[in-house]
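Engineer: take this sequence and fold it.
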Amino acid sequence: MADLFDSPSDAAATQAHRPLADRLRPRALSEVIGQQQVLGPEAPLGVMLEAGALSSLVFWGPPGVGKTTIARLLANETDLHFVQISAIFSGVAELKKVFEEAKLRRRTGRGTLLFVDEIHRFNKSQQDSFLPHMEDGTILLVGATTENPSFELNAALLSRSQVLVLERLSLADLERLVQRAEKEVDRALPLTGEAREQLLEMADGDGRALLNLVEQVMAWRTERPLDPAALTSRLQKRAAQYDKSGDAHYNLISALHKSVRGSDPDAAMYWYTRMLAGGEDPRYLARRFTRMAVEDIGLADPQAQRVCLDAWETYERLGSPEGELALAQAVIYLALAPKSNAGYAAYKAAVVAAKKTGSEPPPKHILNAPTRLMKEQGYGDGYAYDHDQEDAFSGQNYFPDGMKRGVYYVPVERGFERELKKRVDYFAGLRSKRNG
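Structural biologist: Just a heads-up that it's a prediction; the model follows:
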């Protein structure tokens, strides 16, 4: 049975040799889908263009959100010559050539917008080479990076640029992009409504990836719209964006840690599985879980640390994928455990005090005196053996002589630490009583 999905229109066929992403490239900033937080009338680029004063820029955002397209359109809007290079493939020789050509162009009255993709890949000296040409107006630099500029770009370069954050495309943005693609090829996607939504999810906020997926789907010959199961069987799901040494790694572990600290087991489980899906090493996660138990739960639930270590050992014995379940159970336990950072805070406060008074000797009464000379020097004089005292507590001073007694450990009224707080208060009262 013939179907309207059988063949593309004649108009689309004439451009079949051009990738769909190229055919749909916007010709004006007004055609860009999404990124209104930088392109809107009151947003940074909108204000700059209205004032006719465009500064050097760094676009920070994930792949496929329009960094290259916006840079190219900015050159058109400002009548600048557009030059594009990639830090992955360009070296010192090419940079020198680009700068020399920009100087010649400037002498004829034409400016240059230099777009540098993956600018964070350039080393410090290469990044520094841009500075004099930015300062004298030879180039207007627009860099693009998927990594945090604060960590990857020189302070000098950042001080001469404005960082603009580009965001993943929303599902609504991606739907608009699909509609634009359907209009371009004069065909509807051969998908049911649910399968269409699944396709948008597969793109994971990446417009370029979505258009590549759409192009694949449009090439299929099918007698009826495909449902989600059929789409999944024909199309590999795109791997989620995740770089185990980059921003995504640190952002996701931060989200996981804060979800545990915030006692939200569902959010913690979501971020845990997101990291596993991205290829994170479960051993790294096991180590981080143990850190969470020590740092954020502490003595409010002493069992939490043991749960993490047992889960870690279970993973080592079982391996993947069964071992991940043990770690998942540890995540749930941590999220629901009573929270206290009192031990962590006590440690940090004691470190500060130790650095300030690191040369002060212990009081003589708590020093051992194995030799006669040490006894003559007063070592051990007046030491009260606690087990011989009432309540097995002497209340003596154990800080250096002349040092004000420090209070570092302040337990909270949660979990097992509630009991520890009673003990702290009890001994503090006895100490005050016995020291008058």
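
Engineer: give me the helices and strands touching the strand or helix carrying residue 174, please.
Structural biologist: Per DSSP states H and E: residue 174 is located in helix 171-185. Helix 171-185 makes packing contacts with helix 20-23, helix 193-203, helix 207-218 when contacts are defined by 3 or more CB pairs under 8 Å, 6 or more residues apart in numbering; DSSP states H and E. C-beta coordinates here come from the backbone N, C-alpha and C atoms, glycine included.

Engineer: in that helix, what's buried?
Structural biologist: For helix 171-185, the neighbour count (16 or more other CB atoms under 10 Å) marks 173, 174, 175, 177, 178, 180, 181, 184, 185 as buried.

Engineer: wouldn't the last one be in contact with residue 24 here?
Structural biologist: By that I understand residue 185. No. Counting by CB atoms under 8 Å, residue 185 stays clear of residue 24, with 9.8 Å between them.

Engineer: circling back to that earlier point, extract the C-alpha set from the helix holding residue 174 and format it as PDB.
Structural biologist: The C-alpha coordinates for helix 171-185 follow below in PDB (Å, rounded to 0.1, in the frame of the first residue of the first chain):
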ATOM      1  CA  LEU A 171      11.800  20.000  24.500                       C
ATOM      2  CA  ALA A 172       9.700  22.900  23.200                       C
ATOM      3  CA  ASP A 173      12.800  24.200  21.300                       C
ATOM      4  CA  LEU A 174      13.600  20.800  19.900                       C
ATOM      5  CA  GLU A 175       9.900  20.400  18.800                       C
ATOM      6  CA  ARG A 176      10.200  23.700  16.900                       C
ATOM      7  CA  LEU A 177      13.300  22.400  15.200                       C
ATOM      8  CA  VAL A 178      11.600  19.200  14.100                       C
ATOM      9  CA  GLN A 179       8.700  21.300  12.700                       C
ATOM     10  CA  ARG A 180      11.200  23.400  10.800                       C
ATOM     11  CA  ALA A 181      12.800  20.200   9.400                       C
ATOM     12  CA  GLU A 182       9.500  18.800   8.400                       C
ATOM     13  CA  LYS A 183       8.700  22.000   6.500                       C
ATOM     14  CA  GLU A 184      12.100  21.900   4.800                       C
ATOM     15  CA  VAL A 185      11.600  18.400   3.500                       C
END
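
Engineer: so how far is it off the chain centroid?
Structural biologist: Between the centre of helix 171-185 and the centre of its chain there are 29 Å (CA atoms, centre = their mean, to the nearest Å).

Engineer: quick one: mean pLDDT over it.
Structural biologist: Across helix 171-185, the average pLDDT comes to 94.

Engineer: ditto for stretch 263-271
Structural biologist: Here the average pLDDT along stretch 263-271 is 95.

Engineer: sort out which residues of it are buried, please.
Structural biologist: By 16+ other CB under 10 Å, the buried positions in stretch 263-271 come out as 265, 267, 268, 269, 271.

Engineer: for whichever strand or helix holds the fourth one, packing partners?
Structural biologist: With elements taken from DSSP H and E, the one containing residue 269 is helix 265-277. For helix 265-277, the packing partners by 3+ CB pairs under 8 Å, 6+ apart come out as helix 247-261, helix 282-292, helix 323-336.

Engineer: to residue 310, which of these lies closest?
Structural biologist: helix 323-336 (7.7 Å; CB to CB).

Engineer: just checking, what packs against that closest one?
Structural biologist: Partner elements for helix 323-336 (3+ CB pairs under 8 Å, 6+ apart): helix 247-261, helix 265-277, helix 282-292, helix 303-318.

Engineer: make JSON lines out of these and add distance to residue 45.
Structural biologist: Formatted as JSON lines, those follow (distance: least, CB to CB, whole Å):
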{"stretch": "helix 247-261", "distance to residue 45": "23"}
{"stretch": "helix 265-277", "distance to residue 45": "31"}
{"stretch": "helix 282-292", "distance to residue 45": "38"}
{"stretch": "helix 303-318", "distance to residue 45": "47"}
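
Engineer: mind checking the ones you listed for the one nearest to residue 369?
Structural biologist: Nearest of the helices and strands packed on helix 323-336 (CB to CB): helix 303-318, 38.1 Å.

Engineer: how far is the closest one from where the chain is centred?
Structural biologist: Distance of helix 303-318 from the chain centroid (CA atoms, centre = their mean) equals 26 Å.

Engineer: who's in contact with residue 59?
Structural biologist: 67, 70, 71, 142, 143, 144, 145, 164, 166 (CB atoms under 8 Å, 6 or more residues apart in numbering).

Engineer: and it, that one's in a strand?
Structural biologist: Yes. According to DSSP: H, G, I helix; E, B strand; the rest coil, residue 59 belongs to a strand.

Engineer: what pLDDT is listed against it?
Structural biologist: 95.

Engineer: tell me how far it lies from residue 196.
Structural biologist: Distance of residue 59 to residue 196, computed by CB to CB, to the nearest Å: 29 Å.

Engineer: what about the closest residue to residue 147 other than its chain neighbours, how many neighbours?
Structural biologist: Nearest non-adjacent residue to residue 147, counting by CB to CB, 6 or more residues apart in numbering: residue 120, 4.7 Å away. If you count neighbours by other CB atoms under 10 Å, residue 120 ends up with 20.

Engineer: distance check, the residue nearest the centre of the chain against residue 62.
Structural biologist: Per CA atoms, centre = their mean, the C-alpha nearest to the average position across the chain is that of residue 251, at 2.0 Å. Relative to residue 62, residue 251 is positioned 11 Å away (CB to CB).

Engineer: re the thing from before, widest-spaced pair of the contacts of residue 59?
Structural biologist: Pairwise distances among those were taken by CB to CB; the largest, 13.9 Å, belongs to 70 and 145.

Engineer: show me where the stretch 101-250 of the chain dips below the pLDDT cut-off.
Structural biologist: Within the stretch 101-250 of the chain, the stretches with pLDDT under 70 are 236-247.

Engineer: one more time with 50, if that's ok
Structural biologist: Within the stretch 101-250 of the chain, no stretch has pLDDT under 50.

Engineer: domain map for this structure?
Structural biologist: 35-165, 169-234, 247-336, 342-434 (automatic domain parsing).

Engineer: in JSON lines: these, plus distance to residue 29.
Structural biologist: Below are the domains of the chain laid out as JSON lines (distance: least, CB to CB, whole Å):
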{"stretch": "domain 35-165", "distance to residue 29": "5"}
{"stretch": "domain 169-234", "distance to residue 29": "15"}
{"stretch": "domain 247-336", "distance to residue 29": "26"}
{"stretch": "domain 342-434", "distance to residue 29": "49"}
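
Engineer: hang on, residue 208 packs against residue 64?
Structural biologist: Yes. With contact defined as CB under 8 Å, residue 208 counts as touching residue 64 (3.8 Å).

Engineer: tell me the contacts of residue 305?
Structural biologist: 290, 293, 294, 297.
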